[in-house]
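>>> Have a look at this prediction, sequence included:
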Amino acid sequence: MSENIVIESAEEKRLRKILEERTDSEANRMKRFLAMPDLSRTIDSPLYEIVKRARNLPTLKNFSNIVIPEIVPTDISFDLFDFPPDHPVRSKSDTYYVDDKNILRTHDTVMWYYYMNRPEVQKRVKKGEPLGVVCYGKVFRKDEIDRRHMNIFHQFGGLYLVPDSTKVLVDELKDVLAEIVRDLFGPDAKYRFLDDIFPYTDPSLQVEVDVNGEWVEILGGGMPKKSVMHKMGLDGYNGWAFGFGLERLAIASMDLPDIRLLWSEDERVKKQLKLGNKYKEVSKFPLVVRDISFVVNKDFIPNDYFDLIRDLGGDLIEQVDLLDKYEDDKKFGEGELSYTFRITYRSLQRTLTNEEVNVLHAKIEEKTEANFGASVRRD
């Protein structure tokens, strides 16, 4: 029987309380993300079904399950896992910082630290026992806006370790990942393994699955680095680890055209959200497209801008595309850049009117100038 381990963090509670008292835009969006439901623990969600299937796989069914904080220290998340100082994920344009030393977790692999430091796990290590644990839930990253990405998504990860007297081979990891693929995509699923690079595993690999004739990356894994495990206080063990995004698997399994459908409360949508069921459009409401062009300082960060658009447009924003970017010191001034983005507005529940889109788009123009010091061209 697998055990459940829940990490209670007094520091996370303190940080959440401080966050609740803040009213700035970054705090407001972090509070909104933290308050959103965990679909991997929402019974009628296909993400819950993926977790259920994965946890019941023969290899994983007796693994412990650990629930970790959603706000974690940066040193645990990045330094312990060998992320180099200049890695993009450390940037405030990629990661949500609650303060200078704490972030909204960006990957579920951080559970290694919390698991290895449990007293009951350390006792098992002293006895030379094998270790197995899974972790799943929400993670948070700043990202582009399209039908495949949201700033909040869900991951599932696993870790298996044994004393060095038993040598674990990468082929054993491949067997586990193949087991996951066949369970979710059927026994005849076509898949392949490719080399990959992760800061905390070596060797590392990824799994691609043939979805309607297209190879789609769905899983990643590797053999935990000895140097990483040493920093977490564990020596003399080796094994394998993996992780995957639940949304990516669900979208591939059901041919979902839009990630926002996973959050839908429309019963016509919800009844179709079953793994293996090919989604059929309930009603394709028309899109409305508006372009926005502006001149802004070169330190402008698109991911921060996408956050603003999401804040203002919410679920009405389907996609944002960069149409043009150029500099002309004579025309715009030194250190200035010109951007043109195309914003696609579409509701999953109703037809948008031009009037309401115009109001929303005008608000985005206004905030673009106010928040980024940009000069919007309205001709």
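On my side now, so go ahead. What you see is a predicted model; the values in this text were computed from it and never measured.
>>> Next, residue 8: phi, psi?
phi -90, psi 120 (degrees, to the nearest 10).
>>> Could you check the pLDDT of it?
Per-residue confidence (pLDDT) for residue 8: 93.
>>> And it, how far from residue 69?
According to Cβ to Cβ, to the nearest Å, residue 8 stands 9 Å off from residue 69. Glycine gets a C-beta too; all of them are placed from N, C-alpha and C.
>>> Between those two, point out the one with more neighbours.
Neighbour totals were compared for residue 8 and residue 69, and residue 69 leads with 20 against 8 (other Cβ atoms under 10 Å).
>>> who are the neighbours in contact with that one?
Shown in contact with residue 69 (Cβ atoms under 8 Å, 6 or more residues apart in numbering): 7, 9, 11, 12, 105.
>>> so what's the first one up against?
With contacts defined as Cβ under 8 Å, 6+ apart, residue 7 is in contact with 66, 67, 68, 69, 114.
>>> Distance of the second one relative to residue 85?
This means residue 67. Counting by Cβ to Cβ, the separation of residue 67 from residue 85 is 30 Å.
>>> which of the two has more neighbours?
For residue 67 versus residue 85, neighbours defined as other Cβ under 10 Å are more numerous around residue 67 (17 against 7).
>>> How many residues are close by the closest residue to that one other than its chain neighbours?
Leaving aside its chain neighbours, residue 67 sits nearest to residue 6 (4.7 Å; criterion: Cβ to Cβ, 6 or more residues apart in numbering). Per other Cβ under 10 Å, the neighbour tally for residue 6 reads 8.
>>> distance of the residue of the chain positioned farthest from its centre from residue 336?
For the chain, the residue at maximal distance from the C-alpha centroid (Cα atoms, centre = their mean) is residue 330, at 41.3 Å. Per Cβ to Cβ, residue 330 is found 11 Å from residue 336.
>>> One more: residue 160?
Residue 160 sits 53 Å away from residue 336, going by Cβ to Cβ.
>>> Please say which of the two ends up with more neighbours.
residue 160 (23 against 17).
>>> I'd assumed residue 238 was in contact with the more buried one.
No. Using Cβ atoms under 8 Å as the test, residue 160 is too far from residue 238 to be in contact (9.8 Å).
>>> what touches both of the two?
Shared contacts of residue 160 and residue 238, defined by Cβ under 8 Å, 6+ apart, are found at residue 168.
>>> For the closest residue to residue 146 other than its chain neighbours, list each beta-bridge partner.
The shortest distance from residue 146 to any non-neighbouring residue, by Cβ to Cβ, 6+ apart, is to residue 319 (4.6 Å). Beta-bridge pairing for residue 319 (DSSP bridges): residue 344.
>>> check which helix or strand covers residue 290.
strand 288-297 (DSSP states H and E).
>>> That strand pairs with which strands?
Strand 288-297 pairs in its sheet with strand 336-345 (antiparallel), strand 375-377 (antiparallel), by DSSP bridges.
>>> Of those, which stretch is the most buried?
Greatest average neighbour count among the strands paired with strand 288-297 goes to strand 336-345 (a mean of 18), per mean count of other Cβ atoms under 10 Å.
>>> The closest residue to residue 144 other than its chain neighbours: what's it in contact with?
Spatial nearest neighbour of residue 144, chain neighbours left out: residue 306 (6.3 Å); criterion: Cβ to Cβ, 6+ apart. Neighbouring residues of residue 306 by Cβ under 8 Å, 6+ apart: 142, 143, 144, 145, 320.
>>> Is the fourth one in contact with residue 317, as I believe?
Yes. Counting by Cβ under 8 Å, residue 317 is a contact partner of residue 145 at 5.9 Å.
>>> Mind checking which of the two has more residues around it?
residue 145 (24 against 21).
>>> How about the contacts made by the more buried one?
Residue 145 is in contact with 306, 309, 310, 317, 318, 319, 320, counting by Cβ under 8 Å, 6+ apart.
>>> and residue 152, what are its phi and psi?
According to degrees, to the nearest 10, residue 152 has phi -120, psi 130.
>>> quick revisit: in helices, which of the contacts of residue 69 fall?
11, 12 (DSSP state H).
>>> Could you pick out the longest helix of the protein?
The chain, longest helix under DSSP H: helix 354-372.
>>> Outside of that helix itself, list whatever touches it.
By Cβ under 8 Å, 6+ apart, the list of residues contacting helix 354-372 reads 25, 288, 290, 292, 294, 296-297, 300, 304-305, 308-309, 312-313, 316, 343, 345, 374-376, 378.
>>> Go through that helix and flag the buried ones.
Burial within helix 354-372, assessed by neighbour count using 16 or more other Cβ atoms under 10 Å, is assigned to 357, 360, 361, 364, 365, 367, 368, 372.
>>> Now do the strand holding residue 290, average pLDDT.
Mean predicted confidence for strand 288-297 is 96.
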